[in-house]
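> the following block contains a protein sequence and its predicted model.
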Amino acid sequence: MSRGQIEIFLQPGEFYFGDRYTRIRTLLGSCVAVTLWHPRFAIGGMCHFLLPGRVRDPAQDADGRYADEALQWLMDAASSRGTRPHDYEIKMFGGGNMFPRHNGGIGLDVGARNIEAAHGLLALHGLKPRAASVGENGYRNVFFDVATGHVWVRHVANAVEAV
C-alpha cells in the first residue's frame, strides 16, 4: 500500500466507492464481490453480497446483502460521479462452495446461485466481467487497488476439507 492510501475492509452486505487513494479488500466464501474501475478517472468500487436476491417490499430500504441491491448501489455510485457503468472495467470474485460434502444436489450451493445472479444482473445492465475468479471450493482474499484497477486474489481451495 502506498503512502496516503486508505484501506477499506468490506464486511458482507457492504460496498465502497472511492478514488485513486483507496484500496478495498474483503474475504469471500460463498459470497460474491464485484468491482468496477474507471481507467480514465481512477475511481471505482466494490460490493460484497451474500445472497442472490429477495422479494422486497417497496417500503424497505435497499440491503447490500442481496445481489440486485448491492449491484444497484455500485451502478448508482458510478452515475453519481457523472460516469456510465459501461465505461468501467468489471471483475467478479467468490461464489465458492463452502460445504461440498453436504450439498447432495439439493440446491444448497449458495455460491453457484450467487455467481449466476451476478452474471444475470450484469447482463441485464449490458455489462460483462473482464475477469473473474469464481466457483470451486474454498474461500478467497480479494484486494482491489483503485489507483491501478489491479485486483489480487488469494484462493484457498482446500480449507473447507479441514477437520
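Alright, I've got the coordinates.

> helices of this protein, residue ranges please.
Taking DSSP state H to define them, one finds helices in the chain at 67-80, 110-124.

> let's have the ones you listed in CSV, adding mean pLDDT, distance to Gly29 and mean neighbour count.
(C-beta placed from N, C-alpha, C; glycine too.) Shown next, in CSV, are the helices of the chain (pLDDT from 0 to 100; distance: least, C-beta to C-beta, whole Å; neighbours: other C-beta atoms under 10 Å):
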stretch, mean pLDDT, distance to Gly29, mean neighbour count
helix 67-80, 95, 15, 20
helix 110-124, 95, 7, 19
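
> could I get those as TSV with distance to Thr26?
As requested, the helices of the chain are exported to TSV (distance: least, C-beta to C-beta, whole Å):
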stretch	distance to Thr26
helix 67-80	12
helix 110-124	14
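
> would you point out which residue is most central in this protein?
Ala33 (1.3 Å; C-alpha atoms, centre = their mean).

> tell me the contacts of that residue?
Leu10, Thr26, Met46, Cys47, His48, Phe49, Met92, Phe93, Gly94, Val142 (C-beta atoms under 8 Å, 6 or more residues apart in numbering).

> next: Gly95.
Gly95 makes contacts with Leu28, Ser30, Cys31, Val32, Gly111, Ala112, Asn114, Ile115, Ala118, Val134, Gly135, as judged by C-beta under 8 Å, 6+ apart.

> mind checking how far the closest residue to Glu69 other than its chain neighbours is from Arg25?
Counting by C-beta to C-beta, 6 or more residues apart in numbering, Glu69 lies nearest to Ala62, which is 4.4 Å off, once chain neighbours are set aside. Per C-beta to C-beta, to the nearest Å, Ala62 is found 23 Å from Arg25.

> go on, Glu116?
For Glu116, the distance to Arg25 - C-beta to C-beta - is 25 Å.

> returning to that earlier point: Ala62 and Arg25 - which one has more neighbours?
Arg25 (18 against 13; other C-beta atoms under 10 Å).

> correct me, but the more buried one touches Phe9?
Yes - using C-beta atoms under 8 Å, Arg25 makes contact with Phe9 at a distance of 5.6 Å.

> strands of this structure, start to end?
Remark: strands assigned in the chain by DSSP state E are 6-10, 15-18, 22-28, 32-38, 43-49, 89-94, 131-134, 139-145, 151-156.
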